[in-house]
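Participant: Give me the fold of what follows.
(one chain, ligands or ions: 1)
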Amino acid sequence: MLSINTASASHEMDIVMKTLEANGAKIPALGLGTWQMRDEECTNIVKTALETGYRHIDTAVMYENETAVGQGIKVSGAPREDIFLTTKVWPTDITEDSFIKTVAGSLERLGTDYVDLLLIHWPPKVNAVSDWAKLLNEAAERGWARNIGVSNFTVPLLYEMVTASERPIACNQVENHPYLDQSKIRVACAKHGVALMAYCPLYQGRPLMNEPILVETAKACGKTAAQVVLRWHVQHNGAGAIPKTATPARLAENIDIFDFELSGDQMEAITELTQKHTRICDFEFSPDWDAV
Ligand SMILES: NC(=O)c1ccc[n+]([C@@H]2O[C@H](COP(=O)([O-])OP(=O)(O)OC[C@H]3O[C@@H](n4cnc5c(N)ncnc54)[C@H](OP(=O)(O)O)[C@@H]3O)[C@@H](O)[C@H]2O)c1
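Facilitator: Have a look, this model is predicted:
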């Protein structure tokens, strides 16, 4: 089941955070992405984010910053139980030999007994979907993951995973921004009660934000273009976003999107920015993407 509630997430900024309820998981709709931040920079941004009111942090083994993220959480003083922490295991570690060791390593680096969401970072090229599901379920069984999910899964792969997994799949983290048509996976996620968490939600800071429709809408709403894009994300049912910023002032900007609403026409006009070939994260190991 997937629904959306609102609840106060922060005393500091008095933010009313939208929470996605997806197959038992309660996921703050707006989180902090941490890819490409490491060491002290990462620790300081995570600390400041938590002080600003963020309660959702996204990391991965591959980012090589789990220790820095864990340290940021620790020094922020924010209660662990108030934070929704996600990490991801790289596909080559989705094997009997590696998986449990890898997750144990993540927990140690993060300085925590559990993550709130454990994801398979990309669909593996090894073993069967049922084997991947078994491993995720084992981590949950051990109490190491409160919720389990996937990332970069296409419609057929998501279906196979949902069918194979004993525990529900809470989330599919996928590239999403106004230039990319993700309507097929959006429908599939909704059908299975799976939250769609957008990565690269700001198109990695490339010139998306200069689009006239975003500039105009921002002016009309008294917001920035980045806030309009992030609002567009979270205003879709069952959807959230994890923008990354290494700029402390942008932390407050990016989370301050829950006090305004885009009209149906504004939502549509932003969706119409879709263009072909605008996928940023496309590698030789990517799955066969859903046709658009
Ligand atoms: N599952 C996956 O395979 C996968 C793949 C990619 C990413 N991710 C996750 O998704 C997160 C977000 O994606 P991303 O980091 O690739 O891209 P992004 O969040 O779309 O963009 C980050 C870029 O936008 C800039 N930015 C942030 N806030 C801004 C604002 N208010 N105005 C203007 N520019 C702004 C940042 O600059 P400054 O830092 O200089 O402020 C940075 O250059 C990652 O950090 C990671 O956690 C997951």
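
Participant: For the ligand, what is the nearest residue in the stretch 51-200 of the chain?
Facilitator: For the stretch 51-200 of the chain, the residue closest to the ligand is residue 199, as judged by CB to the nearest ligand atom, at 3.3 Å. Using the backbone N, CA and C atoms, a C-beta is placed for each residue, glycine as well.

Participant: If that residue is in a bridge, with which residues?
Facilitator: Using DSSP bridges, the bridge partners assigned to residue 199 are residue 175.

Participant: The stretch 51-200 of the chain: helices as residue ranges?
Facilitator: 66-76, 99-110, 129-141, 155-164, 183-192 (DSSP state H, counting those that start in this stretch).

Participant: The second one relative to helix 129-141, how many degrees between them?
Facilitator: For helix 99-110 and helix 129-141, the angle between their directions (axes from the mean of the first three to the mean of the last three CA atoms, to 10 degrees) works out to 40 degrees.

Participant: sorry, back to before: distance check, the residue of the stretch 51-200 of the chain closest to the ligand against residue 177.
Facilitator: 9 Å (CB to CB, to the nearest Å).

Participant: Who are the contact partners of the closest residue to the ligand within the stretch 1-150 of the chain?
Facilitator: Closest residue of the stretch 1-150 of the chain to the ligand, CB to the nearest ligand atom: residue 33 (2.3 Å). Residue 33 sits next to 58, 199, 242, 243, 244 when contact means CB atoms under 8 Å, 6 or more residues apart in numbering.

Participant: Looks like the first one contacts residue 30 (just checking).
Facilitator: This points to residue 58. No. With contact defined as CB atoms under 8 Å, residue 58 does not reach residue 30; the gap is 10.9 Å.

Participant: Pull up the overlap in contacts between these two.
Facilitator: Counting by CB under 8 Å, 6+ apart, the residues touching both residue 58 and residue 30 are residue 242.

Participant: that older thread, let me see the contact set for the residue of the stretch 51-200 of the chain closest to the ligand.
Facilitator: 33, 58, 151, 173, 174, 175, 176, 242, 281.

Participant: Now pLDDT too, for those, in TSV please.
Facilitator: What follows is the contacts of residue 199, written out as TSV (pLDDT from 0 to 100):
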residue	pLDDT
33	99
58	99
151	99
173	98
174	99
175	98
176	98
242	99
281	98
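
Participant: from these, which single one is nearest residue 269?
Facilitator: residue 176 (17.2 Å; CB to CB).

Participant: Just give me the closest of the contacts of residue 199 to residue 76.
Facilitator: residue 58 (15.8 Å).
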